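**Student:** give me coordinates for this.
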Amino acid sequence: MAYLKKLRHLAKENKYSELEQFCKSKLQFSPGDPDLMFYYAVALEEQGEYAKARNVFEKLYRITHDWLFRICEAIPEYMQGNSKTAKKILKKATEKENKSAANLFFAFRIAVNANDAEAAKEALWKAFAIDPEKTLGRLREFFEKTKEKRPERRKLFVALLGLLSDMRKEIGEG
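**Tutor:** Numbering: from 1, shown residues only. Below is the predicted model of the structure:
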């Protein structure tokens with residue numbers, strides 16, 4: 001799978017037009033390859049082709065049944081200003097995903113970046129329920145990466161405050 005190296009390199013170098021063309025050419029011979037499809041969707045998304053990117057993420061979900069790709073569908077929806085649809089996608093994915101704290105943490109990150117505190121709180125809450133230790137580690141890493149980005153930091157704090165408030169209510173009721 002030497003092509004995976006090339007996919008990762010093009011994405012890392014932000015060469016999205018080249019990445020799109022590379023994926024297109026390879027997908028002609030391997031139309032259901034999840035790696036090619038994922039990087040193709042990323043290339044489309046980064047170039048502002050949000051509807052096409054969402055369609056590819058949707059196909060990926062149908063092929064793999066991995067909730068990560070359903071969660072990814074929310075990104076282009078938020079980018080197009082379709083926050084209502086994006087929230088529905090995240091809500092359904094958060095409700096259905098019950099195995100992967102990593103996927104749920106990714107949903108949290110998407111929601112934080114979209115300033116959707118409710119969706120962020122739900123995803124983070126569930127990620128903690130599945131794997132509190134790894135989720136806390138991911139949260140620390142996320143915070144460190146956003147410490148220089150004031151708007152993202154503020155969104156993170158809003159989401160965390162909501163989560164802590166809900167936790168306090170649940171503990172008080174229990």
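
**Student:** can you map out the helices along the protein?
**Tutor:** 2-12, 16-27, 34-46, 50-64, 67-72, 74-79, 83-96, 101-113, 117-130, 132-146, 150-173 (DSSP state H).

**Student:** need the least confident one among these, by mean pLDDT.
**Tutor:** For those, mean pLDDT drops lowest on helix 150-173, to a mean of 64.

**Student:** mean neighbour count added to the helices of the chain, as TSV?
**Tutor:** C-beta: built from backbone N, CA, C; applies to glycine. As requested, the helices of the chain are arranged in TSV below (neighbours: other CB atoms under 10 Å):
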stretch	mean neighbour count
helix 2-12	13
helix 16-27	17
helix 34-46	21
helix 50-64	18
helix 67-72	23
helix 74-79	22
helix 83-96	18
helix 101-113	24
helix 117-130	22
helix 132-146	14
helix 150-173	14
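
**Student:** residue 14 contacts residue 46, doesn't it?
**Tutor:** Yes - if you go by CB atoms under 8 Å, residue 14 and residue 46 touch, sitting 7.5 Å apart.

**Student:** which residue sits closest to residue 24, ignoring its sequence neighbours?
**Tutor:** Once flanking residues are discounted, residue 24 sits nearest to residue 40: 7.0 Å by CB to CB, 6 or more residues apart in numbering.

**Student:** OK, contacts around the one you found?
**Tutor:** By CB atoms under 8 Å, 6 or more residues apart in numbering, the contact set of residue 40 is 19, 20, 23, 24, 27, 56.

**Student:** roughly how far does the second one sit from residue 30?
**Tutor:** Spatial separation of residue 20 from residue 30 under the definition CB to CB, to the nearest Å is 16 Å.

**Student:** try the fourth one
**Tutor:** Distance check for residue 24 against residue 30: by CB to CB, it reads 12 Å.

**Student:** do the last one as well
**Tutor:** Using CB to CB, we find residue 56 at a distance of 14 Å from residue 30.
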